[in-house]
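*Asks:* Okay, sequence plus prediction incoming.
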Amino acid sequence: MGRLSGKIAIITGGAQGLGEGIATVFAREGATIIITDLNDKEGQATAKKLGGHFRRQDVSIEAEWESLLAEVEREFGGIDVLVNNAGIGNTGRAQDPEHTTLDDWQRIHRVNSEGVFLGCKHAIPAMRRRGGGSIVNLSSIAALVPTPFITPYGAAKAGVLHLTRSVALYCAETKSGIRCNAIHPGQIRTPMHDILVRQIAEREGLDESLVRGEFLKKIPMGEFGAAEDIGHAALYLACDESKHVTGISLVVDGGMDLSQ
């Protein structure tokens with residue numbers, strides 16, 4: 001018996017990167033996984049590889065949350081775990097406080113903050129009908145450490161932290177049986193991380209290996225994390241072993257926040 005046997009889990013942004021790492025661990029531990037993403041090709045391939053299911057979803061559109069949860073309840077009997085992982089990072093333009101465009105600010109917040117809010121909003125009644133559940137929100141080390149050159153991303157992820165604590169307290173006080181916790185990944189080798197490194201290298205006229213080296217200097221443990229490291233953190237928060245844990249911030253960053 002796996003640690004998630006019998007659990008129905010939705011992982012948003014599960015086609016690749018952190019989401020794929022989380023979905024991989026969940027599938028290995030016996031969960032029925034529903035991966036959602038805007039990337040149909042990668043999403044379908046990941047779901048097929050893991051023996052799961054794929055649904056196309058834009059997390060910033062409320063109607064798509066409503067239809068997704070209704071479909072999952074109808075086809076699978078309910079939802080036990082929601083991992084709000086979908087997110088976007090760099091837009092290819094400046095993201096410091098002075099030069100970030102309002103369009104970029106709003107776009108990043110629509111996905112990284114509002115998308116998480118919508119997931120929580122619609123998962124709560126669905127999980128209540130199921131008798132309880134676990135919501136795991138992906139925040140970031142950027143929520144805890146000032147990030148002047150990715151200001152909208154850091155601000156959105158900080159919002160996720162506050163939202164997580166508010167949802168956790170609300171669900172506890174309303175006796176819903178639902179827990180809500182946040183994970184704060186640091187520098188994890190994913191496609192999004194590779195894009196960030198490439199953009200910095202191009203902007204500064206540096207070799208990508210030098211940029212990675214500078215990132216590594218900020219990680220006391222001396223190595224980048226892997227997507228499945230986040231998967232194992234999410235597994236703990238999703239399974240019944242953490243039944244008395246809610247409202248926490250689980251930092252998975254190799255000690256990076258300690259050195260800032």
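*Replies:* Done, it's in.
*Asks:* what residues are up against residue 126?
*Replies:* For residue 126, the contact set (C-beta atoms under 8 Å, 6 or more residues apart in numbering) comprises 69, 72-73, 78-79, 133. C-beta here means a position set from N, CA and C on the backbone, and glycine is covered the same way.
*Asks:* In JSON lines: those residues, plus pLDDT and secondary structure.
*Replies:* As requested, these are arranged in JSON lines below (pLDDT from 0 to 100; DSSP: H, G, I helix; E, B strand; the rest coil):
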{"residue": "69", "pLDDT": "99", "secondary structure": "helix"}
{"residue": "72", "pLDDT": "99", "secondary structure": "helix"}
{"residue": "73", "pLDDT": "98", "secondary structure": "helix"}
{"residue": "78", "pLDDT": "98", "secondary structure": "coil"}
{"residue": "79", "pLDDT": "99", "secondary structure": "coil"}
{"residue": "133", "pLDDT": "99", "secondary structure": "strand"}
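*Asks:* any idea which of the residues you listed is closest to residue 171?
*Replies:* The nearest member of those to residue 171, counting by C-beta to C-beta, is residue 133 at 9.2 Å.
*Asks:* still on that earlier bit, now list the buried members of the contacts of residue 126.
*Replies:* Neighbour-count burial (16 or more other C-beta atoms under 10 Å) applied to these gives 69, 72, 78-79, 133.
*Asks:* Helix or strand for the residue nearest to residue 182 when sequence neighbours are not counted, just tell me which one.
*Replies:* Once flanking residues are discounted, residue 182 sits nearest to residue 164: 4.1 Å by C-beta to C-beta, 6 or more residues apart in numbering. Using DSSP states H and E, residue 164 sits within helix 151-173.
*Asks:* Kindly calculate the angle that the lowest-mean-pLDDT helix or strand in the chain makes with helix 151-173.
*Replies:* The helix or strand of the chain with the lowest confidence, counting by mean pLDDT, DSSP states H and E, is helix 191-204 at a mean of 83. Helix 191-204 and helix 151-173 are oriented at 150 degrees to each other (axes from the mean of the first three to the mean of the last three C-alpha atoms, to 10 degrees).
*Asks:* Report the buried residues of helix 191-204.
*Replies:* Those would be 192-193, 196-197, 199-201, for helix 191-204 by 16+ other C-beta under 10 Å.
*Asks:* How far does that helix sit from its chain's centre?
*Replies:* Distance of helix 191-204 from its chain centroid, counting by C-alpha atoms, centre = their mean, to the nearest Å, is 20 Å.
*Asks:* where does the closest residue to residue 151 other than its chain neighbours fall, phi/psi-wise?
*Replies:* Leaving aside its chain neighbours, residue 151 sits nearest to residue 97 (5.1 Å; criterion: C-beta to C-beta, 6+ apart). Residue 97 adopts backbone torsions of phi -60, psi -30, taken as degrees, to the nearest 10.
*Asks:* gap between residue 97 and residue 128?
*Replies:* Noted for residue 97: a distance of 40 Å to residue 128, by C-beta to C-beta, to the nearest Å.
*Asks:* hang on, the earlier thing: looking at the contacts of residue 126, which is nearest residue 178?
*Replies:* Nearest to residue 178 among these is residue 133, at 5.2 Å by C-beta to C-beta.
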